[in-house]
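Undergrad: sequence and predicted structure, then a few things I'm wondering about:
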Amino acid sequence: MSNTFYPLQFHPILKERIWGGEKLKTLFNKPITSKITGESWELSTVEGDVSVVTQGSFAGKSLSAVIEEFPNEILGAAVHEKFGKQFPLLFKFLDAREDLSIQVHPNDELAKKRHNSFGKTEMWYVMQADKDARIIVGFKEDSSKEEYVENLENKTLLSLLDSVTVNVGDVFFLETGTVHAIGAGLVIAEIQQTSDITYRLYDFDRKDANGNTRELHVELALDAINYNKVETKKEYTTTIDQSNTMVDCPYFTTNFIPLKNKINVKKDGASFTVYMCVEGSFEIEFEGQKLSYKKGDTVLIPAALNEFGISGNASILEIYIS
């Protein structure tokens with residue numbers, strides 16, 4: 001690949017988690033070696049966990065280094081202007097063999113003040129779901145700090161929280177402040193702001209291999225929680241060979257593309273685009289070249305590559321900043 005800008009893929013950054021399993025290997029062929037791998041960070045510039053390019057002229061370089069050299073060309077003019085040389089999003093696949101802890105993320109203002117970080121607005125796309133798998137998303141009814149604290153202390157917090165059964169293709173949009181937990185038996189594609197700030201509220205009194213419980217952040221969370229009932233599930237259309245909007249928020253836009261034929265894509269250079277293949281396989285054609293992708297692959301299209309074709313038989317998440 002002699003041309004400067006081309007679709008970029010990255011080495012997955014694999015994370016062991018107390019709740020993780022082996023589905024990232026069995027479903028996506030990720031190179032995991034542990035039976036408790038919970039996360040594959042596909043695209044990250046979180047400090048200490050920066051993605052490295054796998055192929056082409058940028059192979060072996062970190063995403064941060066490539067952005068440093070070519071901020072407008074990679075990020076896009078509008079994204080560069082807004083965020084500087086920071087890559088503003090984080091992309092992951094998650095495998096929950098067990099329930100995740102009940103947690104909440106702070107908003108931009110609180111995260112900046114306390115951690116000098118972005119907040120963590122995020123969305124989930126359900127890629128695989130065992131029978132009766134569930135998630136927790138917010139409160140069943142409007143609540144209050146006092147009611148929440150009382151139930152937390154009495155270990156009856158679950159009675160306040162909304163638990164819903166999920167299926168493949170379900171989409172949930174979690175604004176900061178939404179109390180949530182991914183349940184056992186789910187594989188999820190997660191798109192979020194670049195932030196690793198999580199306040200853990202309750203962890204089912206679990207202990208790790210060394211007999212230790214995980215740290216909770218009860219006090220920090222009190223001012224971060226939205227105690228009102230929220231609607232998190234997103235309905236969306238599935239028109240073939242079109243970008244169907246799932247989530248459109250100030251932090252990212254995510255579309256669903258049910259691909260059956262070929263689409264010609266034209267971009268305006270304002271933002272990068274990321275494609276996450278959630279089913280099937282597809283090819284990207286650009287400047288006389290073709291690259292192939294399969295389920296579980298994530299690819300970053302630099303903003304400077306503004307005309308290309310996509311063909312194949314696949315379900316694809318398309319993400320950019322508008």
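TA: Sure, I can see it. Numbering: from 1, shown residues only.
Undergrad: all contacts plus neighbour counts: C-alpha atoms, from now on.
TA: OK.
Undergrad: for residue 182, see how far away the nearest residue to residue 165 once chain neighbours are set aside is.
TA: Distance criterion Cα to Cα, 6 or more residues apart in numbering; nearest residue to residue 165, sequence neighbours excluded, is residue 134 at 4.3 Å. Distance of residue 134 to residue 182, given as Cα to Cα, to the nearest Å: 7 Å.
Undergrad: equivalent analysis for residue 241, please.
TA: Distance, residue 241 to residue 182, using Cα to Cα: 30 Å.
Undergrad: more neighbours: the two, which one.
TA: residue 182 (24 against 20; other Cα atoms under 10 Å).
Undergrad: ok, that one touching residue 136?
TA: Yes: counting by Cα atoms under 8 Å, residue 182 touches residue 136, with 6.5 Å between them.
Undergrad: what is the neighbour count of residue 55?
TA: Other residues near residue 55 come to 16 when the count uses other Cα under 10 Å.
Undergrad: any idea how far residue 281 is from it?
TA: Distance, residue 55 to residue 281, using Cα to Cα: 19 Å.
Undergrad: and what of residue 287?
TA: 20 Å.
Undergrad: with neighbour numbers in mind, choose between these two.
TA: Legend: neighbour count by other Cα under 10 Å for residue 287 and residue 281, higher for residue 281 (19 against 11).
Undergrad: could I get the contacting residues of that one?
TA: By Cα atoms under 8 Å, 6 or more residues apart in numbering, the residues touching residue 281 are 292-295, 312-314.
Undergrad: number of nearby residues for the closest residue to it other than its chain neighbours?
TA: In this structure, residue 281 finds its nearest non-sequential neighbour in residue 294, 4.1 Å apart by Cα to Cα, 6+ apart. When neighbours are counted by other Cα under 10 Å, residue 294 registers 20.
Undergrad: surely residue 294 and residue 279 touch.
TA: Yes: using Cα under 8 Å, residue 294 is in contact with residue 279, at 7.4 Å.
Undergrad: first to last residue in stretch 120-134, what's the distance?
TA: 22 Å.
Undergrad: can you give me the buried ones in that stretch?
TA: Neighbour-count burial for stretch 120-134 flags 120-129, 133-134 (criterion: 16 or more other Cα atoms under 10 Å).
Undergrad: just put those in JSON lines and tack on distance to residue 167.
TA: Listed next are the buried residues of stretch 120-134 as JSON lines, based on distance: Cα to Cα, whole Å:
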{"residue": "120", "distance to residue 167": "24"}
{"residue": "121", "distance to residue 167": "22"}
{"residue": "122", "distance to residue 167": "19"}
{"residue": "123", "distance to residue 167": "15"}
{"residue": "124", "distance to residue 167": "12"}
{"residue": "125", "distance to residue 167": "10"}
{"residue": "126", "distance to residue 167": "7"}
{"residue": "127", "distance to residue 167": "8"}
{"residue": "128", "distance to residue 167": "8"}
{"residue": "129", "distance to residue 167": "6"}
{"residue": "133", "distance to residue 167": "8"}
{"residue": "134", "distance to residue 167": "9"}
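Undergrad: out of those residues, list just those in helices.
TA: Applying DSSP state H to the buried residues of stretch 120-134, no entry is found in helices.
Undergrad: next step: those residues restricted to strands.
TA: Of those, the ones assigned to strands by DSSP state E are 122-129, 134.
Undergrad: ok, the residues you listed vs residue 99, which is closest?
TA: The nearest member of those to residue 99, counting by Cα to Cα, is residue 134 at 9.1 Å.
Undergrad: now the closest one: how far from residue 84?
TA: Residue 134 sits 38 Å away from residue 84, going by Cα to Cα.
Undergrad: kindly report the same for residue 177.
TA: Distance from residue 177 to residue 84, counting by Cα to Cα: 26 Å.
Undergrad: ok, those two, which is more surrounded?
TA: Between residue 177 and residue 84, residue 177 has the larger neighbour count (other Cα under 10 Å), namely 23 against 16.
Undergrad: got a pLDDT number for the closest residue in space to that one that isn't next to it in sequence?
TA: Leaving aside its chain neighbours, residue 177 sits nearest to residue 225 (4.2 Å; criterion: Cα to Cα, 6+ apart). As predicted, residue 225 sits at a pLDDT of 97.
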